[in-house]
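Chemist: got a sequence here, can you build the structure:
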Amino acid sequence: MTRKISKVGASLLVLAAATAIGGCTQSEAKTTGKVVYQETAKSTLEKAMDNQPESSYWFPEDLLAWSFEKDPDAKYNTSVVPLAQRAAKETLPKMNDTQTAETKVVALSIMNSSTSGNAPRGINTFDANVFSYWQYIDQLVYWGGSSGEGIIVPPSPDVTDAAHRNGVPVLGTIFFPQTAHGGKLEWL
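Modeler: Residues are numbered from 1 along each chain as shown. Next comes the predicted model:
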């Protein structure tokens, strides 16, 4: 009897999941009986929004010509959180006899899905890597760069602010792709 109830319950659960998944597919409009379901404009927003500032990225010649005063997005690409003081490693308890305070951990983490089109402080889509292991690292390298978008990528201010709240300094990236992937020898 219990096995029969379990099978019925499992069947109902599969049916409910299939119905829910089927209702989540993207389309312009669906009609079920007398009810018309349609995607809202808000759910179809593109990543970039009008007049939205963009996190910085450059090719070498662009960076040489860049100036803070002439960049309309520069004021949004500045961290506002000072670097927090971390506990001295010498004061922390050791987990084993081989652990030393001299050991450093650097994380190389990509935060966004592309080099360009990233907002300095949040965006209307959920496609960023939210780094959450600050307590384990001593330094973060904000990974990015593309032969088609820009090879010099400073960390965006939202990442710098999060790192600074956790006492972690952040470095940007100078990415040198191979010539087979669009790299240029003059970038060296």
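Chemist: ok, for residue 188, nearest residue in space, not its chain neighbours?
Modeler: Nearest non-adjacent residue to residue 188, counting by CB to CB, 6 or more residues apart in numbering: residue 176, 6.8 Å away. Backbone N, C-alpha and C define where each C-beta goes, glycine included.
Chemist: check residue 86 too.
Modeler: Nearest non-adjacent residue to residue 86, counting by CB to CB, 6+ apart: residue 167, 3.5 Å away.
Chemist: am I right that that neighbour is in a strand?
Modeler: No - counting by DSSP: H, G, I helix; E, B strand; the rest coil, residue 167 is not part of a strand but coil.
Chemist: correct me, but it touches residue 88?
Modeler: No - counting by CB atoms under 8 Å, residue 167 does not reach residue 88; the two are 11.0 Å apart.
Chemist: low-confidence ranges in the chain?
Modeler: Judged by pLDDT under 70, the chain has its weakly predicted residues at 1-49.
Chemist: check contacts around residue 99.
Modeler: For residue 99, the contact set (CB atoms under 8 Å, 6 or more residues apart in numbering) is empty.
Chemist: before we move on, the earlier item: so the residue nearest to residue 188 touches residue 184, yeah?
Modeler: No - Residue 176 lies out of contact with residue 184 (CB under 8 Å); the separation is 9.3 Å.
Chemist: circling back: look up how far residue 152 lies from the residue nearest to residue 188.
Modeler: Computed as CB to CB, to the nearest Å, the residue 176 to residue 152 distance reads 10 Å.
Chemist: more neighbours: which of those two?
Modeler: residue 152 (20 against 14; other CB atoms under 10 Å).
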